[in-house]
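Participant: predicted model, plus sequence, below.
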Amino acid sequence: MVKGIMRTIFSSFLGKVGFFLLLAFGIAAVVVTVVFPPDFGQRIWNNPVYWADYPKTAIPSWWPEAGGKAQHQVLIATTPTNMTEEGAGKTLEYRFAVGISSQSDPKFLSFSISHLQFQDVSPVIAVLIEQDGQFLPLYSYVVPDRFSGEKSPISRYATEPFRVQLTSDYQAEGMVKELLSGLRNRGQDRFTAVVRLNFASREDSVEEVRFIAGGESFGWLGTDDLGRDVATGILAGLPIELLIGFVVAFSATALGAVIGTASAYFGGWVDLITQRVIDVLTMVPTLPIVMFLVFAFGANLAYIILFLIVFGWTGLAIQIRPWIMQIQAEGFITMAKARGLSDKRIIVRHLLPQTLPFLFVTFTFSIPGAILSEAGLSFLGLGDPSVPTWGQMLQQGFRTGAIYLGYWWWILAPGLAIVLTSLAPALIAQSLEPYTEPRLRRG
Amino acid sequence: MPNPPLLEVRDLTLSYGSGSKKLTALDRVSFTIKQAGEALAVVGESGSGKSSLASAIMKILPNNVSEFSGSVRLNGEDIKEMPESQLSRSIRWKRVSWVPQEASAVFNPIYQIGRQLEETLGVHGVRDSQVRRAEAIRLFQLVGLNSESDLAKYPSELSGGMRQRAAIAMALALKPSLVILDEPTSALDVSLQGGIISLLQDLRDQFDLSYIFITHDVVLATKLCNSFVVLYGGRIAEYGSREAVIDRASHKYTRALLNCVPTFEPGQKMLSIPGEPPDLRKVAGRCPFYPRPAIRCDGCRENEPPVLVEVEEGHWVAQHILSS
Amino acid sequence: MRKVLLKVISYVIAFVFLLLSLQIVFGATGFSDKILESVVNEQLRGTRQVLAQTIRDPDELEKAVEAAKEDLDSLYGLDKPWYTRLPQSTLRVITFDLGEARTLRSFSGSNAVSDIVLERLPNTLIMMLPSFFLVAVFGLSIGVWAATHVGGRIDRLLSFFAVSSNAIPAWWISMLAIVVFGVVLNILPTGGMYSAPPPVGDISRFLDLAKHAILPIMSLTLVSIGPYMYAIRAMTIRTAQQPFVAYARARGFSESRIRWRYILLPAAPPISTSLVLGLVGSFSGAILTETIFNWQGMGRLYYDALSGTPDEGLVVALTVIYALMFMVSRFVLDVLYIRLDPRVRR
């Protein structure tokens, strides 16, 4: 049966497209889940401090219009390029290759240092430019020494990095200007910045060093108003969207199948009550009610998924009745009972498997609906804030007026992501349309 | 010059689908109904293609027909090549009509039977509503239905037998010369079958009707029909008068089919033909009888379709031409 | 008739059940208490001011305010658990006493929920009815046309379009539309119902409104039409495959007769049902569209009530209204269906 389904999917061009698209997304989602930290949402995405070095509402770097603007570069190093040990101490050297656009200078140059730890004597920071083997000093700084009462190891810049804007720092600005104009005159498109840390003791350490060349364009998909890289957000949202889609669709389909089958099978008052319950559930407008429930119970992803399932299972429960009726009409059930099979066994082992292809189609078809519903809820501000979903990105864009200000990348990217992720299962479901006819079912 | 035969079908071929799924329902089927009052039985089992014959002759075909060739001549005119509008206007129902197999399914469930009957009359030019009503009454009486109460009923309110009669009444509405009956009694109890058959006999005598009687019940067909076509795998196995085909069956399939009919003899061993009916997707260009050794034609060869050979006057049998 | 009665009963049960559930949810999550507390506090503030004018001693003032608070608490039932308030509040809703909004106001300044809603409802209709009309007309004609030309290139294009519509959020298209037509091309307004300031004179006001309504109506229409067209096509095809259609053709009926009386007419009940259902359902969908286009309709009202400082009273009242509207329309539909289908009638 699986083979039959696969064959049907592949028999149509769009089915193949949908399948491979979904496969690609699935693989990407797995990769993202492995690579991204689990608290990405709270620690990184919703954390403005993390994005402080990034340009706000920057256009994607490949957009032609951005050619005139400098590309923002954030160069991060956690391990030094060079380490030399001298005496009791050591010097860590971090080299950064910074690109320069031929049309405009970077808006600013800066560097930042996170989480220094030293034992006794504070380290010295120096920033230099390397040119033709020569080192031109730009800036130097002695980290504040131990305060009275501070115990070793002394820690600095753990919560807030040490950030210096070289282009506005009195030490460095003149030199930077000269450097940049010199580079342009010589037609060079890059230079090497070096950050040197002189440590008095070998146990001293530093966590992260960054060099930033400010620009107005950044990344594959630009940035939002907090400077967050839209591309990263899209990637982070992928496993979550797929999770929502699959969990809601699967649960609603399973629930609807079991309840609908039991209702049609047992008939009598079981059927009556179930039909009334379904009537009630279908009589209420789904969106306002779910909005209300999320509003009342709180915007938690688990609740959202739960509510979507509760209002989603009725469709299949209604649709599966003709299938069961058909099987009943063929006398299959009577025969099974005559053979002494229990009701539960008949339903689970015989009825449901016969409807499996149809259930699979329904499942696939429900995925887009689930994703879109959650996106709609997020857009209205009812999404789970600790989890970055594409709907929320759109909500933030809308709230900050991205539409009117023309930040198209912020609007286009999450929406397109939603569309493609929903389109894949929709195409698959469409290619499996023949399975929705009860008369065509196979054993 | 003698009158052209009432119906002459030559090399009628009908296929659905294409490529590996091409299904050949009729393969070079030919027969003739010479004059009014004749009844031709088309006998076959499921999968023989007989159900497609009615649609083919009336040219009511689904969308996926890939091949439809041959000729169908009604009183000399080739109705197969006629444009659709002409068919609707002058041929369908006026000269050839049809009693479908599932009479229950063909009546529009939301209109009363009488109204549907009158509608047919109205579409074909009977303007006066009183005349239509009178005709409907007459037709119902003809088929043994109660014209007073039954005309006003909805199809779901009639029993199966009554619906069948209503379908026959409908088929006679425009006084056609040829009526195609597709398994008219298969859905009925045995006790009702006889009634339908005698009704058909009466009508034939009364109006000089000709029938094509499509069925799987050979014995029933002998009560009504004077010529027989035996169909298998879309091909004619044997064709001739009732006496020729039934009493002097020549093809092994015909003989086996007749042998399978049970008689009243107690303790009789029930016979069957070993093997399976052919898959209509695999018969093109081949002999459909070959896979079942018990019913192979004379000189049967696998990859060569048989041809009809006239073994005696008016009696044709599928055989393979001996190649030298 | 009996069927109709049964339907009425089930709808009433559903409504009562819904009401109760809403109130239970509200009570159990503590919102009900919150609302009433804030109402009490508002009143207390006023009382305090009045009392402060006569009582000079601060301690005495506090005691007087406390006494007033106790009175109010027992008046609103805050001193007892929330479920004791159920019968009262249910009664209030049934008698359409929807209460007052806490923060939002109608354009005329009233804070009675009924006033606010009545003001916004026509705006929603202005957007939805033309869209509904467009979907019906185009959906029907294209859907039926596609059903008679099954498998053709245009038919397959249509099917793809319908399937993709399922995967595309209408509100996102609206956003894109605003960017393209409003910002980049600058030929249509980017939101709101009228320009600011609105033009004088009835005709120019109407034209202004129409100009603002184009994008909302178009986006609503575009996304609903795909699935609807496809459903009509499917229903028409299914009906066309029925045996009685072949029988009619065999009896020499003309193609046009068959198309109208044998295909469309039997397909009409399910088609019209899904059309009306779609209309009713799009009421909920309008919430998103109105939000994006800053269209002051009921949907936008719901959004406003939920965002910022939530106006709980309004949220509850609006939810009830939505549910009621939905149920009434579905009820009417069910009754119509029962009347229309003679098979069911017998």
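Facilitator: Alright, I've got the coordinates. Since we're looking at a predicted model, the values are computed, not measured.
Participant: distance of residue B:168 from residue B:310?
Facilitator: Distance, residue B:168 to residue B:310, using C-beta to C-beta, to the nearest Å: 35 Å. Just so you know, the C-beta spots here come from the backbone N, C-alpha and C atoms, and that holds for glycine as well.
Participant: neighbour count for the two, which is higher?
Facilitator: Taking residue B:168 and residue B:310 together and counting by other C-beta atoms under 10 Å in any protein chain shown, residue B:168 has the greater number of neighbours (24 against 11).
Participant: list the helices and strands the host helix or strand of the more buried one packs on?
Facilitator: For residue B:168, the host element (DSSP states H and E) is helix B:160-172. Applying 3 or more C-beta pairs under 8 Å, 6 or more residues apart in numbering or on different chains; DSSP states H and E, one finds that helix B:160-172 contacts strand B:96-99, helix B:103-106, helix B:113-123, helix B:129-142, helix B:190-207.
Participant: any idea of the mean pLDDT for it?
Facilitator: Averaged across helix B:160-172, pLDDT comes to 88.
Participant: what's the distance between the residue in chain A sticking out farthest from the centre and residue A:331?
Facilitator: In terms of distance from the mean C-alpha position of chain A, residue A:338 ranks first, at 54.4 Å (C-alpha atoms, centre = their mean). From residue A:338 over to residue A:331 the distance is 10 Å, taken as C-beta to C-beta.
Participant: quick one, what contacts residue C:167?
Facilitator: Residue C:167 sits next to A:368, A:372, A:419, A:422-423, A:426 when contact means C-beta atoms under 8 Å, 6 or more residues apart in numbering or on different chains.
Participant: spatially nearest residue to it, not counting backbone neighbours?
Facilitator: Excluding the flanking residues, the one nearest residue C:167 by C-beta to C-beta, 6 or more residues apart in numbering or on different chains is residue A:422, at 3.5 Å.
Participant: what number of residues lie near the one you found?
Facilitator: 24.
Participant: for it, phi and psi?
Facilitator: Torsion angles at residue A:422 (phi, psi; degrees, to the nearest 10) stand at phi -80, psi -30.
Participant: let me see the contact set for it.
Facilitator: Residues in contact with residue A:422 (C-beta under 8 Å, 6+ apart) are A:245, A:367-368, A:371-372, C:166-168.
Participant: any low-confidence regions in the chain?
Facilitator: You didn't say which chain, so I picked chain A. Scanning chain A for pLDDT under 70 picks out A:65-69, A:102, A:437-443.
Participant: could you do chain C instead?
Facilitator: In chain C, residues with pLDDT under 70: C:1, C:26-27, C:29-32, C:34-35, C:39, C:76-77, C:82-111, C:308-313, C:338-346.
Participant: flag every residue of it that's near chain B.
Facilitator: C:150-151, C:242-244, C:246-255, C:257, C:262, C:265-266, C:341-343, C:346 (C-beta under 8 Å from any C-beta of the partner chain).
Participant: just checking, next helix/strand downstream of the helix holding residue B:168?
Facilitator: Later in the chain than helix B:160-172, the nearest helix or strand by DSSP H and E is strand B:178-182.
Participant: what's in contact with that next one?
Facilitator: By C-beta under 8 Å, 6+ apart, strand B:178-182 touches B:6-7, B:33, B:51, B:53-54, B:57-58, B:74, B:95-101, B:171-172, B:200, B:209-214.
Participant: so how far is residue B:29 from the residue nearest to residue B:26 when sequence neighbours are not counted?
Facilitator: Distances taken as C-beta to C-beta, 6+ apart put residue B:14 closest to residue B:26, at 4.2 Å, once the chain neighbours are dropped. Computed as C-beta to C-beta, the residue B:14 to residue B:29 distance reads 9 Å.
Participant: of those two, which one has the most company?
Facilitator: Set side by side, residue B:14 and residue B:29 show more neighbours around residue B:29, with 26 against 23, by other C-beta under 10 Å.
Participant: am I right that that one is in a helix?
Facilitator: No: with DSSP: H, G, I helix; E, B strand; the rest coil as the criterion, residue B:29 is strand rather than part of a helix.
Participant: next to chain C, which bits of chain B? Give me the list.
Facilitator: Contact residues, chain B versus chain C (C-beta under 8 Å from any C-beta): B:55, B:58, B:60, B:63, B:84-85, B:87-89, B:91-94, B:97-98, B:100, B:102, B:105-110, B:120, B:123-124, B:154, B:156-157, B:170.
Participant: and the helix or strand containing residue C:323, which residues are buried?
Facilitator: If you go by DSSP H and E, residue C:323 is part of helix C:312-340. Residues C:312-327, C:329-331, C:333-334, C:337 are the ones in helix C:312-340 that count as buried (16 or more other C-beta atoms under 10 Å in any protein chain shown).
Participant: check stretch B:4-17 too.
Facilitator: B:5-9, B:12-16.
Participant: most tightly packed of the helices and strands packed on helix B:160-172?
Facilitator: Highest mean neighbour count of the helices and strands packed on helix B:160-172: strand B:96-99, a mean of 27 (counted as mean count of other C-beta atoms under 10 Å in any protein chain shown).
Participant: export that one as PDB, just CAs?
Facilitator: Output of strand B:96-99 as PDB, limited to C-alpha atoms (Å, rounded to 0.1, in the frame of the first residue of the first chain):
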ATOM      1  CA  VAL B  96     -33.100   3.300 -31.300                       C
ATOM      2  CA  SER B  97     -33.800   3.300 -27.600                       C
ATOM      3  CA  TRP B  98     -32.300   1.700 -24.600                       C
ATOM      4  CA  VAL B  99     -33.400   0.000 -21.400                       C
END
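Participant: how about whichever residue of chain B sits closest to chain A: what's its closest non-neighbour residue?
Facilitator: Of all residues in chain B, the one sitting closest to chain A is residue B:21 (11.4 Å; C-beta to the nearest C-beta). Excluding the flanking residues, the one nearest residue B:21 by C-beta to C-beta, 6+ apart is residue B:281, at 6.3 Å.
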